[in-house]
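In: sequence and predicted model, in that order:
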Amino acid sequence: MKELQRRIDRMIIHLGGYWRPLSGLARLLEEVGEVGGALYADDRVALREELMDVFVISTCLANQYAIILTNQTTDRDETKEERSYYRLVREAGEVGRILNAYEGDKKLKTSATPGSLQRHIEAVQQAVMELADMNGFDLFAEIASLIEDKSSRDFGRFDHTPDPITEDSVRAYRSYVEGRYWGGVKAKPFEEVSRYREREGHLARFLKIAEVEGLDGFVIRQPEPPFQIDRSIETDLQLAAPFAVEIERHGTDTFWIVRKQG
């Protein structure tokens, strides 16, 4: 599954990049509805396509939160399509509830359970695998063929949307260190840290969800010539406890990593 996530990531980058999470969520819910339409019409060709779409889009959402998914097995005792589809709808709704709290207007509860997003995305994928298995589809083979097809054409099909999982800062850092990291936009030479904070949109999102989602850190790549610090790194970045900055050097790069302390 880890390799499939990497292949889907490469495909999405080839196509132009990830959608914003709430746009991805809208597409996920759209495709779940289309799975229902294909089941209602008993259209196996459409069902195969829609199941692939749900699987790929849910994997994209997992990638955007640096979630490492596990392989989902099918329930061989499950024989009713309706029950698996109801589970798919229920779990997609739970993904929507969480992302609305992360990215939308719903308030993120301090009691939110860490790991919930991963569990519900994996439950979506398990329901998809069950429906595919009932209908005799080799979903992984179908998705591999889809990735190969999309990766050989459609370059830049999607408009580029900045995303903390695709920034050069985090891609460079993860070539040295594994983990669940987001990254900041490219810094300018001699840029004031406070000015960088004003135009950096990903960090505020990270600070909101890092604890509950279990993200390991937020990566800022030091420009050359370096940042200009006014008061302190933490103050200029508007960080509050329990977050602080750790400085790491890997190769010729210097990284500031915003991490939860303690």
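Out: Nice, thanks for sending it over. Numbers count the residues shown, from 1 in each chain.

In: please make it C-alpha for all contacts and neighbour counts, starting now.
Out: Noted.

In: can you give me the helices for the protein?
Out: For the chain, the helices defined by DSSP state H occupy 2-15, 21-41, 44-64, 81-103, 116-134, 139-151, 168-173, 193-199, 202-213, 233-236.

In: mind listing what Gly262 touches?
Out: Gly262 makes contact with Pro242 under the criterion CA atoms under 8 Å, 6 or more residues apart in numbering.

In: now it: how far from Glu103?
Out: Here the criterion is CA to CA, to the nearest Å. By it, Gly262 lies 26 Å from Glu103.

In: sorry, back to before: format the helices of the chain as TSV; extra columns: distance to Trp182 and mean neighbour count.
Out: Below are the helices of the chain laid out as TSV (distance: least, CA to CA, whole Å; neighbours: other CA atoms under 10 Å):
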stretch	distance to Trp182	mean neighbour count
helix 2-15	15	17
helix 21-41	14	17
helix 44-64	9	21
helix 81-103	15	18
helix 116-134	16	22
helix 139-151	24	15
helix 168-173	6	20
helix 193-199	15	17
helix 202-213	8	18
helix 233-236	18	17
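
In: in terms of mean pLDDT, which of these ranks lowest?
Out: Least confident of the helices of the chain, judged by mean pLDDT, is helix 139-151 with a mean of 87.

In: got the angle between that one and helix 44-64?
Out: 80 degrees (axes from the mean of the first three to the mean of the last three CA atoms, to 10 degrees).

In: quick one, helix 139-151 and helix 116-134 angle?
Out: 110 degrees.

In: need the CA coordinates for helix 139-151. CSV is fine.
Out: What follows is helix 139-151, C-alpha atoms only, in CSV (Å, rounded to 0.1, in the frame of the first residue of the first chain):
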residue,chain,number,x,y,z
LEU,A,139,-9.0,-3.3,-8.1
PHE,A,140,-5.2,-2.9,-7.5
ALA,A,141,-4.5,-4.1,-11.0
GLU,A,142,-7.1,-1.7,-12.4
ILE,A,143,-5.6,1.2,-10.4
ALA,A,144,-2.0,0.3,-11.6
SER,A,145,-3.2,0.5,-15.2
LEU,A,146,-5.0,3.8,-14.5
ILE,A,147,-1.8,5.3,-12.9
GLU,A,148,0.3,4.2,-15.9
ASP,A,149,-2.2,5.7,-18.4
LYS,A,150,-2.5,9.0,-16.5
SER,A,151,1.2,9.3,-16.0
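
In: what packs against that helix?
Out: helix 2-15, helix 44-64 (3 or more CA pairs under 8 Å, 6 or more residues apart in numbering; DSSP states H and E).

In: let me have the helices of the chain in CSV, adding distance to Gln222 as columns.
Out: Below are those laid out as CSV (distance: least, CA to CA, whole Å):
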stretch, distance to Gln222
helix 2-15, 24
helix 21-41, 27
helix 44-64, 23
helix 81-103, 27
helix 116-134, 31
helix 139-151, 32
helix 168-173, 9
helix 193-199, 10
helix 202-213, 15
helix 233-236, 12
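
In: so for Ile220, which of the ones you listed sits nearest?
Out: Among the helices of the chain, helix 168-173 comes nearest to Ile220, with 6.0 Å by CA to CA.

In: how about the helices and strands packed on helix 139-151, which one is nearest Asp168?
Out: Taking CA to CA, helix 2-15 is the member of the helices and strands packed on helix 139-151 nearest to Asp168, at 12.2 Å.

In: tilt between the closest one and helix 139-151?
Out: 20 degrees.
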